Structure formats: C-alpha cells, structure tokens
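Peer 1: predicted model follows, preceded by the sequence.
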Amino acid sequence: MYVMIINPKAGNYKSQEVLESFLSDYPQYKNKCKTFYSEYPGHAEKLAQQVGSFYHQQIEMLFIFGGDGTLYEVMNGIKAFPDIPVSFVPTGSGNDFARGCKTPLDAYEQLRASLKYKGLKPYWFGVYQTDFKNPSNQRLFSTCLGFGFDAEVAERANRSFLKKWFNRMRLKSLIYVFGLIATLFIYRPKRLSLNINGEKKEFDDLWMLTVSNHPYFGGGMKIAPEATINSDEFTVTVVQKISKWKLLLLFSTVFKGKHTKLKEVHTFKASTIELFSSEQLTYQADGFTGKCYKCKVSKESKERMVVRN
Ligand SMILES: Nc1ncnc2c1ncn2[C@@H]1O[C@H](COP(=O)(O)OP(=O)(O)OP(=O)(O)O)[C@@H](O)[C@H]1O
C-alpha cells in the first residue's frame, strides 16, 4: 500500500494537481494509494502519527507532498516508525530536502520515478532536544537546524502579517527578504558555549550557527557546500564578528556556496553538539522556529530509507 500525506496549500496549491495528473496517466496505482490531506498547520504531524500506528507494517512507501515544513511535520509524526520508507514529493516553494537528496525538483517526475525505480537509500536525520530532562521532547530535522540570525529571520517572516499577502501574490521569497532586512537592524550578536564532541568552545559576537545534514537551507541557499549525507557527522557553519553590510554580502554569495571564503565564516564537522546560552535563543529546524536556552544535537541512531541519489 502507498500512503500519501498531502499539504494541499504548499507551494501555491500544487499538490492536488500533481497527484490528479499522475493518477490519470497511471490509473493502475489508484487502488493502491491511500491519501490524507492536512487541514491546518501541525495537522500533517498528527496524520502521520495515526497513519504510522495503523498502517506501518503495510506501507510500501510513504509519499510526502509539500515543502520542507510538511516533511518536518510528517517525519516527527512517524518518529516512532523508522522502518517506513519515505519519498518526498516537492510541491513546496523551497524544497531543500529534494535539492540535498539530488532528486527531481519536478514533483510529478519524483512521484513517477519513486514508484517506478524506488531508489531507496539510507538517510540519517538529525535529532535535537531543547529540554534535557524530557527525552520525549526529541525532535527530528531533515535539512538544517539554525541558531541566531537565520532563525530570527524565519521567525519574523513566519509571523508577519504580510505573509499571507505575499503568498497570495506568489511572492513568498519576498517575505524572507523583508524578514532579513528587518532582522539586520534589530539583531544583537550572541554569546554561546558549545560542547562539540565532548570538547568545550566559546563563541562570542556570533551571528549565526547552523548544523547541516546536507548543503542546502532557506530555499536553495548552499549554506554548507561541503556537507554530505552521512551517518555520523554534521557540517557546522559559524558566522561571527561580521559587519551588517558584509552579512548582506554573505546572503548574496550563499546561493553559490561562496560565502565560506569570507574570513568571518568558519565550518567544522561534529557528531554531537550541546549548546548553551545565558539569554533566550531563537532556533529554526527546517524552517520551524522556537526558543531555547540550550540544545543537544546528534544524528538519529537508526537510518531511515528515503528516495535519494
Ligand atoms: N491545510 C493547511 N492549511 C494551512 N496551512 C497548512 C495546511 N497544511 C499544512 N499547513 C502548513 O503549511 C506550512 C507550509 O508548508 P511547507 O513548508 O510544506 O510548504 P512551503 O512553505 O510552500 O515550502 P518550503 O518549506 O519548502 O518553502 C507548514 O507550516 C504547514 O504546517
């Protein structure tokens, strides 16, 4: 059985069109597919939890129609079911997971190729925990976990009253430009203590720190150009002691991954990271934002099978 969890509103309402056109071209799949539609933010996670509990032994492949936000919700919904194979059908606006996995950015093509060739390979999701006392508070992330500037940009963009308007005008990326400029004026650099693979390090005048599972974040920005999909190491990118104008330059070079040449940008590999801050810190996981004072990050111990190259 193929299960499809579909965000009908992702990427300007593309999901339904893709599914209908696929099933009309390949009607032999109609009876093998069970479809579930998310109705509000957070619903895809609940649907995935229910689907996992009822059907996990019968699922040949779980198709996730949406963007990175929908993927984040569904993966957290099936956290307890690592054996469910997953295909991400990129109908969102950013679709960084598809870029990182080098799968088609064309949703129809990804759906067709996944059903025809399967192409399942292991993928190691990241796990983060902001409340150390409560292990059930662990969450998965697929692409990137970011602290500081990028997280504040995402938070400002997500809660802006202009978001709906920009989305309606199909100008979603402009809301992030708005968030970036507003944050540039307001942001105060942070001081963080890190425990990296057991070794302590202090970072001051910190603008952002990202923990990457593959090169992309924020809709095609190559924040960690050297990151590879692997079982035990993240690529960590730190931006420190940088002027506001140079930070703008960074955001214009990051699409090609050239920002790592700037002296204010450092990268390193790490398998476990613990992060502490004396002031409340904004973070973003695959675009979802939250607040914390500390965070533990590691790779999920068991790999999951996903369609990727
Ligand atoms: N029926 C719905 N109505 C409104 N929002 C929804 C619905 N279903 C899911 N959502 C929310 O839509 C948001 C955006 O989805 P998603 O991130 O998948 O698409 P996107 O923003 O177009 O793509 P990307 O994240 O790749 O840029 C998610 O936060 C999700 O919670």
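Peer 2: The structure has been received and is ready for your questions.
Peer 1: and this protein, which residues reach the ligand?
Peer 2: 7-11, 38-44, 66-70, 73, 92-95, 219, 287 (C-beta under 6 Å from any ligand atom). In this view, the C-beta of every residue, glycine as well, is placed from N, C-alpha and C.
Peer 1: try 8 Å this time
Peer 2: 7-12, 37-44, 66-73, 90-97, 172, 219, 286-288 (C-beta under 8 Å from any ligand atom).
Peer 1: so which of those residues sit within helices?
Peer 2: With helices taken from DSSP state H, the overlap with the residues of the chain next to the ligand comprises 10-12, 43-44, 68-73, 96-97, 172.
Peer 1: going through these, which ones are buried?
Peer 2: Listed as buried from these are 10-11, 43-44, 68-73, 96-97, 172; burial here means 16 or more other C-beta atoms under 10 Å.
Peer 1: can you redo those as a markdown table with pLDDT and distance to residue 135?
Peer 2: Output for these, formatted as a markdown table (pLDDT from 0 to 100; distance: C-beta to C-beta, whole Å):
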| residue | pLDDT | distance to residue 135 |
| --- | --- | --- |
| 10 | 92 | 31 |
| 11 | 84 | 35 |
| 43 | 98 | 25 |
| 44 | 98 | 23 |
| 68 | 96 | 25 |
| 69 | 96 | 25 |
| 70 | 98 | 26 |
| 71 | 98 | 23 |
| 72 | 98 | 20 |
| 73 | 98 | 20 |
| 96 | 96 | 28 |
| 97 | 98 | 26 |
| 172 | 65 | 36 |
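Peer 1: state the pair within those that is farthest apart.
Peer 2: Greatest spacing in these, by C-beta to C-beta: 43 and 96 (21.7 Å).
Peer 1: just checking, residue 122 touches residue 299?
Peer 2: No. Using C-beta atoms under 8 Å, residue 122 is not in contact with residue 299, being 11.3 Å away.
Peer 1: if we can go back for a sec, list just the nearest of the buried ones among the ones in helices among the residues of the chain next to the ligand to the ligand.
Peer 2: The closest of those to the ligand turns out to be residue 69 (C-beta to the nearest ligand atom; 2.3 Å).
Peer 1: that closest one touches residue 288, doesn't it?
Peer 2: Yes. Taking contacts as C-beta under 8 Å, residue 69 lies within contact range of residue 288: 6.6 Å.
Peer 1: let me see the domain layout of the protein.
Peer 2: 2-118, 127-302 (automatic domain parsing).
Peer 1: these: lowest mean pLDDT?
Peer 2: Here the lowest mean pLDDT among these goes to domain 127-302, at a mean of 92.
Peer 1: how long is that domain end to end?
Peer 2: 11 Å (C-alpha to C-alpha, to the nearest Å).
Peer 1: and what of stretch 264-279?
Peer 2: 23 Å.
Peer 1: which positions in it come out as buried?
Peer 2: Buried, per 16+ other C-beta under 10 Å, within stretch 264-279: 264, 265, 267, 270, 273, 274, 275, 277.
Peer 1: and the residue in the stretch 101-250 of the chain that the ligand sits nearest to, backbone torsions?
Peer 2: Closest contact between the stretch 101-250 of the chain and the ligand, by C-beta to the nearest ligand atom, is at residue 219 (5.4 Å). Backbone torsions of residue 219, given as degrees, to the nearest 10, read phi 80, psi 50.
Peer 1: then residue 221?
Peer 2: phi -80, psi 130.
Peer 1: is it in contact with residue 258, as I believe?
Peer 2: No. With contact defined as C-beta under 8 Å, residue 221 does not reach residue 258; the gap is 11.3 Å.
Peer 1: if you count what's nearby, which of the two comes out ahead?
Peer 2: Using other C-beta atoms under 10 Å as the criterion, residue 221 and residue 258 rank with residue 221 on top: 23 against 14.
Peer 1: bridge partners for that one, pull those for me.
Peer 2: Beta-bridge partners of residue 221, counted by DSSP bridges, are residue 217.
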